[in-house]
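Participant: coords below, sequence missing:
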Ligand SMILES: [Zn+2]
Ligand SMILES: [Zn+2]
């Protein structure tokens with residue numbers, strides 16, 4: 001069996017649903033967060049599943065940083081628009097979007113978020129940042145500019161109908177693509193400055209991490225990565241590190257059901273960070289809080305928050321939050 005990285009995670013998630021039964025009870029969703037009055041910066045996890053397959057309990061990867069009421073979005077997995085609305089964050093108010101890389105669990109709903117945000121009443125420009133990537137042994141390349149063009153084509157009929165019928169502005173000038181390919185400054189306005197770092201997520205390259213500096217917080221998103229020295233340096237002293245997590249022991253339990261388990265395991269472990277290494281990264285970076293997200297395996301109803309936190313705790317003494325969809329941290 002040959003599976004690319006996304007397919008491998010999708011396979012594992014499908015296997016998990018099969019192993020535990022489709023009728024198994026999904027983990028309870030966190031209650032919708034109430035807006036914080038104490039902080040100028042809110043961080044909301046919109047989707048916390050790792051991998052592209054659809055499963056109960058967790059939505060695909062996405063997060064929002066809301067600074068003085070203005071939202072910025074990191075990654076656009078399937079369902080990001082619905083998750084924003086359920087978090088009481090208006091899609092029409094999004095100022096900028098940052099994609100870490102182009103696996104479909106991170107970009108599937110970019111176009112839908114932009115166009116449906118416009119159809120909901122969005123009238124202001126949205127800057128979109130992300131890497132340019134070429135598939136290994138292929139000529140297939142993608143970028144946020146290409147995805148925006150395709151989204152405008154996909155929704156071209158709807159756009160052409162609504163502009164005269166509903167008196168809407170032309171959305172085409174509103175969606176502004178920017179390529180990100182190396183470490184350094186990416187974006188700045190009066191509320192926030194954002195930097196990127198290159199992390200290691202084979203075979204995808206480059207894969208990015210992002211750091212938000214706001215008036216009251218420094219927040220780092222790892223994106224998808226293996227243990228990364230560049231991420232440790234990038235996250236040094238951050239108030240909050242939002243890091244992906246792989247629970248290798250749970251993966252092994254699922255893989256016992258698979259004939260070519262050794263090869264599958266090697267591929268997944270080569271692209272993601274085991275929970276113990278997440279603790280090592282947080283400790284080495286000296287971050288104040290750590291939030292776990294992008295859970296692999298993403299669907300295993302036998303796992304509790306403590307199961308995810310315990311291996312991280314062996315190496316990191318600070319506060320650890322096991323992420324859930326719509327959790328504000
Ligand atoms: Zn992913
Ligand atoms: Zn990925």
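Facilitator: On my side now, so go ahead. Not measured: the values here are computed from a predicted model. Ligands and ions are numbered 1, 2, ... in the order given.
Participant: State the pLDDT value of the closest residue to ligand 1 within the stretch 1-150 of the chain.
Facilitator: In the stretch 1-150 of the chain, the residue that lies nearest ligand 1 is residue 105 (4.3 Å; C-beta to the ion). (Each C-beta comes from the backbone N, C-alpha and C, glycine too.) Residue 105 is assigned 97 on the pLDDT scale.
Participant: got the contact list for it?
Facilitator: By C-beta atoms under 8 Å, 6 or more residues apart in numbering, the contact list for residue 105 reads 6, 9, 49, 50, 51, 52, 60, 61, 77, 78.
Participant: Could you count how many residues lie near residue 182?
Facilitator: 12 (other C-beta atoms under 10 Å).
Participant: Report the contact partners of it.
Facilitator: Taking C-beta under 8 Å, 6+ apart, one finds 196, 198, 206 in contact with residue 182.
Participant: you'd agree the second one is in a strand?
Facilitator: Yes - when DSSP: H, G, I helix; E, B strand; the rest coil is applied, residue 198 is found to be in a strand.
Participant: Bridged to it, which residues?
Facilitator: Beta-bridge pairing of residue 198, defined through DSSP bridges, involves residue 208.
Participant: The residue of the stretch 201-329 of the chain found nearest ligand 2: neighbour count?
Facilitator: Closest residue of the stretch 201-329 of the chain to ligand 2, C-beta to the ion: residue 224 (3.6 Å). By the criterion of other C-beta under 10 Å, residue 224 has 28 neighbours.
Participant: again with the one 3 residues further on
Facilitator: Residue crowding around residue 227 was assessed by other C-beta under 10 Å; the count is 17.
Participant: shouldn't it be in contact with residue 281?
Facilitator: Yes - the pair residue 227 and residue 281 qualifies as a contact (C-beta atoms under 8 Å) at a distance of 6.4 Å.
Participant: Overlap in contacts, the two.
Facilitator: With contacts defined as C-beta under 8 Å, 6+ apart, the residues shared by residue 227 and residue 281 are residue 273.
Participant: For the stretch 101-250 of the chain, what lies in contact range of ligand 1?
Facilitator: With the criterion set to C-beta under 5 Å from the ion, the stretch 101-250 of the chain comes near ligand 1 through 103, 105, 224.
Participant: what's the closest of those residues to residue 300?
Facilitator: Lowest distance from residue 300 to those (C-beta to C-beta) belongs to residue 105, with 17.0 Å.
Participant: Give me the distance between the nearest residue to the closest one once chain neighbours are set aside and residue 102.
Facilitator: Distances taken as C-beta to C-beta, 6 or more residues apart in numbering put residue 52 closest to residue 105, at 4.3 Å, once the chain neighbours are dropped. Using C-beta to C-beta, to the nearest Å, residue 52 is found at 12 Å from residue 102.
Participant: Settle this for me: residue 283 is touching residue 320, isn't it.
Facilitator: No - Residue 283 lies out of contact with residue 320 (C-beta under 8 Å); the separation is 11.0 Å.
Participant: got a list of what residue 178 touches?
Facilitator: 127, 128, 129, 130, 144, 186, 187.
Participant: Work out for me the element it sits within.
Facilitator: Residue 178 belongs to strand 175-179 when elements are defined using DSSP states H and E.
Participant: Could you check the angle the helix or strand just after that strand makes with strand 175-179?
Facilitator: For strand 175-179, the following helix or strand on the C-terminal side (DSSP H and E) is strand 184-188. Computed by axes from the mean of the first three to the mean of the last three C-alpha atoms, to 10 degrees, the angle separating strand 184-188 from strand 175-179 equals 170 degrees.
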